[in-house]
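Participant: my questions are about this predicted structure, shown below with the sequence.
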Amino acid sequence: MTYRIGVDIGGSFTDFAVLDNHSGHIHTLKVFSRPDRPGSEITTGLARLEERFGINAQQVDYFTHGTTVGINTVIQRNGVRLALLTTAGFEDVLELARLKMAHIHDLNARRPAPLIERHHVFSVQERTSSDGRILIEVDRDSVVSAVTRAREQGCDGIVVALLHAWRNDHNECRVRDIIHDIDPELLVSCSGAIWPVIREYERTITATINAYVQPRVIDYLQAFEKALTDAGVPVPPRITKSNGGVMSLDQAKAECIQMVLSGTASGVIGASYIAEQCNFNRLLSLDIGGTSADVAVIIDGQPEYGTGELIGEFNIYIPSVSVTSIGQGGGSIAWLDPLGVLQVGPMSAGSLPGPVCYNRGGNQPTVTDAFAVCGLIGHGDLGYKSVQVDVTAASRAMATLAAPLGITIEETAETIIRIAISGMYADTSALVSRFGIDPREYYFLAFGGAGPMMGCWLARELNMKGVVIPPTPGVLSALGGLVADLRNDFIDTLYSELSMQMLPWLRERADTLRVRGEHWLTSEHGTDLPYTLMFLADMRYRGQSFEVEVTLDKRWLETGDLDAICQAFHARHEQIFNHHDPQATIQIINLRLVVTSPTNTPPLKRLPTSNISACAETHVQAYIDGQWRSVAFYQRHTLYAGQQFASPAIIAQDDCTTCVPTGMQITVDDFGNLIVTADTSQEDTFHGH
Amino acid sequence: MAIDGRHLQILANYCAAAADAMAHTLMRTAHSTFVKETEDFSCQIVTRYGLAFASPRSFGAPWYSGIDYAPVLTMIKHYSPGDICITNDSYAGNVATHTPDIHIWKPVFYGGQIACFVVGHIHNTDVGGAVPASLSRTLTDIAQEGLRIPPLKIMENGRLNEEVAHIMRLNVRVPEQNWGDFQAQIASVNIGERRMLEIIERFGFESFLEGVEGILDYADQQARRIIATIPDGDYFHADYADEDSEGGYPCRIALTLRIRGETLELDYTGSDPQLMSSLNMPTGGRERHPLALVGVTYALSTLDPRLLLNAGTLRPTRAIMPPGTVMNCQAPAAVGMRSLTCAMAQITTLGAFSLALPERMPAPSPGGNAIINVRTIDTLGHTIVASIGPVGGGGGGTPHHDGPEGCGGLSAFLKNTPIEINETEVPIRFHRYGLAPDTGGPGRFRGGLATVMTFEITAPDTVITARNRNRSFFAPPGVLGGRAGRTASFMTNPDTSHAVEHGNTDLIHCQPGDIVRIIGPGAGGYGPVYERDPEQVMHDVERGFVTLEGARRDYGVVIINGNVDLEATLQLRTQEMVASPNKGEHGHFDFGPARAVFEALWTQERYRLMTDFLAQAPVAWRFFLKHQLFAIVAKTHHTDQDVPNQMQRLFAELRTRFPAISET
């Protein structure tokens, strides 16, 4: 008997997904996160797994882990004190950023303070040109003086980000060597080594965040590693990455930037796994927790990737699973503005104190409280008996809003749900317009603690094809880590016009990338792994200031098939922007390589079929679409494949509750997914207004 | 439904989503990089009567959120489903405000009735006319500014009017790009129409119409609540653009802000006459014209960032703009560069709000944000034309903290272009891009620093243009004891014997080896300078934001060996106070030395007498007469004459010399 374990540490809960290698069965578990004692939630969780399911740490043959320690360091701004070394004349790069401010209407707005204070920025006399020539060699004295002053100022790490290091990082390496000569202990992050992308601010902030979180991440990973060893887990763990893959512990320590968004990314990977296994070709993942709600686009089992994801108040520019925030989740607070208009968010009760109904100190009504007041949640325990829902407390809080509005408590609650959903509708609608997606062709895959609770409401507003609730929606991120592949990105910024003459050079650069990729794989993970190489190019028409990602067939590079490369770009441009320009000059900005070594994942376990109709455990009273109704209440584990039943319905399980409003029907598919679609026989009630 | 506290936010969210969808579709499918980069476009949903009630939430400059399309909507006699109308004529309804802005609108029919319109505009890179890109300060007549399309149906019942389309393509320099952008506009209004139909379907026709009124009323009431917190009174403020034309005289924007209870009146009487340059604003004198009220949108949003922005927001406000002035020009005045004047109108508005609410408003933004373009050749001899980004100032010092550096205030929506991209695309070499020390106006809270860009020319006959340059002469004001920011500068070969300062020139020719340096105007400071903690000044010195000399000169702070010498500082500050007890006593504003010199001659009284006189003259004479008066006053010995008598004498002389001006 062997098991694979995925663990995802979030703000409130640490989720465990355990895959039985033999049966394909997935066990799930949640324990409270312990940011005060990192590693202890792992120990607790492993002990709980043993007592609950009889799973022994010795039986674990694969272990993956995602954590928010990196992103929290940035949000709480408690990273290391850094110095920045730049090319002389360009010291204000972090102060200027890209100029544009987050709040464009408020003249009293401030910009976020840079992560490196300006007086810790020093200039180096050196210069590289845009075509990579060294115009001025590094002046050693300017580096020595910078490092001396940085150490006097108490800086514990140094970021080196020089102009045009994307093209040639010779001078950055030289500066690094000089620093090491002076002080071999000093942590140094070079922008060209972290991610050599063109655009000085973007490259600098990415290297800065890497250095900023590094000591904290290393400490955390060491505590985590020790907890695993102490518990007797016999395999080295892998760490989930922002790009949806996994990496070794050593790589995670060296390239912290790669794990900063691992939590949201592995949720999307979990969703992609379900999509691919169960043949959902067009999917939007919908991950709603206590403080966030995120959507990602998944087509044919593949998530969209992008750069520029937001980390606290800053963006980072490494390839990441592309996720869009659509709101603040179940913890959003409802309130009355001075004109008596009911508003929801943007303030959130977060995971602590949390909703009123969790009885953990919250006293302002939240979206989750509204669901409780309407009788949609709270008929059993939540989160593995860790939370009991106190409907009375929620109602009391709701009454403070109902009285001034002159409506009943349940009317207030339902209005709060609608306002929250309309806000998420607005943001999702912007997302589908940005991607040019027709929501009628897409399912939501709803997960996270509150995704199954809210997903059906949002889907019916957006006219989606339907909603898929996977078997373990509460721990999909942990599961995602478990099925993620080894994956690493490599970039070569070419910034060149695409032409016949440059093709030999392009092939040469592609070869160099391939060698680097294969070297990484064999040196990190040995020679016996199967792997795939995918070449991508970021291309644009000359004069554009943004790039379009195009997948390049290896053979086009080998045979120098210029036409095929151009056509692929035109086609992609047409697909995204509805037009292309066969006459225009094409630039290839980046050549990228993704090296993937697939993780062996057993197929999802199929659920036995039953021809007996689904049996509600009981009926409860819930307030939906303006009236109290008798609503069928099911236990998820009593459902079988092939069963179908009508809404309204509530389906409870250990890790979350699924709520389905009127006008829909629920089908259980072969894999145990709940498929919620419009009930065509009740068409007229589908739009609840 | 009055304001139904339950459902208002839901309908507002849906409608904002429809506007967002329009904007994303436009951004995604537009051809010109201009649209994607500078976000110079708008998308709105307006009522059956033209009032904007929903806008995208995070795009572009907030100029058009309160627009009223009524003037152009009513110029089309009859609407049918599938119609799309178009105009870019600044003098037909004043919805389009210069020729590159092509506006379109489409009725949304529900059950045979119009429920609302979906509207929007794109700034086209070129619409023909005398100069590439259609915009230049030197143009004097709108006919030079390119193609003019009167309000008409470009699509009728879903069918394109090919004849008009043909004229549109024939009269511009890059027809494919304009046509691509036009297609994107069509896609945008079509998606807006579809979304709005879904929304009306959900809520029902009557409830939708009532709800929309509720949304407008809500913004109206929000605005009124904010205005009610501002003390009643008349607040007069005037500010000057450096030049009213190429190398011309200053151009005054004068504003009397009247606050009465929950209402605002912006009286621009006393602003300059309309100009023989393209700096005129074609507002038609409409009392809620968006260009006249941008500053109000900013001020109210600053006082309450949660304010909903739509036409309702502007309801408690009205503007007065006498005809034939720079704020309300008459055809055929050129209007292409009205953005410079609009920025001055915003700055003046914010100055008046600062008078009314000194404790809650920041020092006004500096304006003068120049967009730098380079035309040069590469090593192969190919012509390269590229925008290398904006160079401007920071935000004004605020009541609670320093202004943001290098951006913020009225230009917080602008993005820069990375140096690495500029150097790769354009054969010029940058020496510096950063913040210019000592440019921020000193104060308890310092004004944001200006940006500085220095680069070296590598090819012959390179042309540098800097559109919207201003503030080379008159400094951005500081408030409440805060000092003015540093003026802007545009130089070739600074710090050499052959240095040239170009002032507000917006086009220069350069040769290989020339060094060009552009510094934006610094923003004004807030609060008494000597109340700034010396340690904060020290911190600014450490950061390179203030020089050692600047610390001493501007803040009276003495720094020795990297430490504040408190005793010497106290002594210096006391000395300064004794030597010039009025230092820091500039009244509410400190406008800097140039304005003091200018106003010694051109007092507010003298200027008012002149604008009163010009207002009596025929519109076509006004600019000429203004220039006559400036020239005469400069030459007149005026030490002990009283100003009204002297001016009356000059006016009489002019009437005698030019009898035509009295004949109307």
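Facilitator: That came through, no problem.
Participant: got the phi and psi for B:P390?
Facilitator: Reported as degrees, to the nearest 10, the phi and psi values for B:P390 are phi -90, psi 150.
Participant: okay, it and B:A30: tell me how far apart.
Facilitator: Distance, B:P390 to B:A30, by C-beta to C-beta, to the nearest Å: 20 Å. Bear in mind the C-beta positions are built from the backbone N, C-alpha and C, glycine included.
Participant: please apply the same query to B:I200.
Facilitator: Distance, B:I200 to B:A30, by C-beta to C-beta: 27 Å.
Participant: again, but for B:C15
Facilitator: Distance of B:C15 to B:A30, given as C-beta to C-beta: 23 Å.
Participant: could you break chain A into its assigned domains?
Facilitator: Annotated domains of chain A cover A:1-66, A:75-217, A:486-597 [automatic domain parsing].
Participant: can you check chain B too?
Facilitator: Split by automatic domain parsing, chain B gives B:8-221, B:365-528, B:602-662.
Participant: among those, which is nearest A:N590?
Facilitator: Nearest to A:N590 among the domains of chain B is domain B:365-528; the distance by C-beta to C-beta comes to 12.8 Å.
Participant: now do the end-to-end distance for the closest one.
Facilitator: 18 Å (C-alpha to C-alpha, to the nearest Å).
Participant: what parts of the stretch 501-650 of chain B come near chain A?
Facilitator: Counting by C-beta under 8 Å from any C-beta of the partner chain, the residues of the stretch 501-650 of chain B lying close to chain A are B:H539, B:E542, B:R543, B:G544, B:F545.
Participant: cutoff 7 Å now
Facilitator: B:E542, B:R543, B:G544 (C-beta under 7 Å from any C-beta of the partner chain).
Participant: surely the first one meets A:H120?
Facilitator: When you say that, I think you mean B:E542. No. Counting by C-beta atoms under 7 Å, no contact exists between B:E542 and A:H120, whose distance comes to 9.4 Å.
Participant: more neighbours, those two?
Facilitator: Neighbours around B:E542 and A:H120, counted as other C-beta atoms under 10 Å in any protein chain shown, are more numerous at A:H120. The numbers are 22 against 16.
Participant: excluding its backbone neighbours, what's nearest that one?
Facilitator: The shortest distance from A:H120 to any non-neighbouring residue, by C-beta to C-beta, 6 or more residues apart in numbering or on different chains, is to A:A83 (4.6 Å).
Participant: quick check: mean pLDDT across the longest helix seen in chain A?
Facilitator: Longest helix in chain A, counting residues (DSSP state H): helix A:200-231. The average pLDDT within helix A:200-231 is 95.
Participant: tell me the centre residue of chain B?
Facilitator: Of all residues in chain B, the one closest to the mean position by C-alpha atoms, centre = their mean is B:A343, 2.5 Å from it.
Participant: ignore the last one, chain A
Facilitator: For chain A, the residue nearest the mean C-alpha position is A:T264 (2.2 Å; C-alpha atoms, centre = their mean).
Participant: do I have it right that that one meets A:V323?
Facilitator: Yes. Assessed by C-beta under 7 Å, A:T264 is found in contact with A:V323 at 4.9 Å.
Participant: and for those two, which residues touch both?
Facilitator: Residues within reach of A:T264 and of A:V323 at once, by C-beta atoms under 7 Å, 6 or more residues apart in numbering or on different chains, are A:D294.
Participant: any low-confidence regions in the chain?
Facilitator: Since no chain was named, I'll use chain A. A:381-386, A:681-689 (pLDDT under 70).
Participant: please go with chain B instead
Facilitator: In chain B (pLDDT under 70), the answer is B:1-4, B:33-34, B:37, B:581-586, B:637-640, B:664.
Participant: so in it, which helix runs the longest?
Facilitator: Chain B, longest helix under DSSP H: helix B:175-203.
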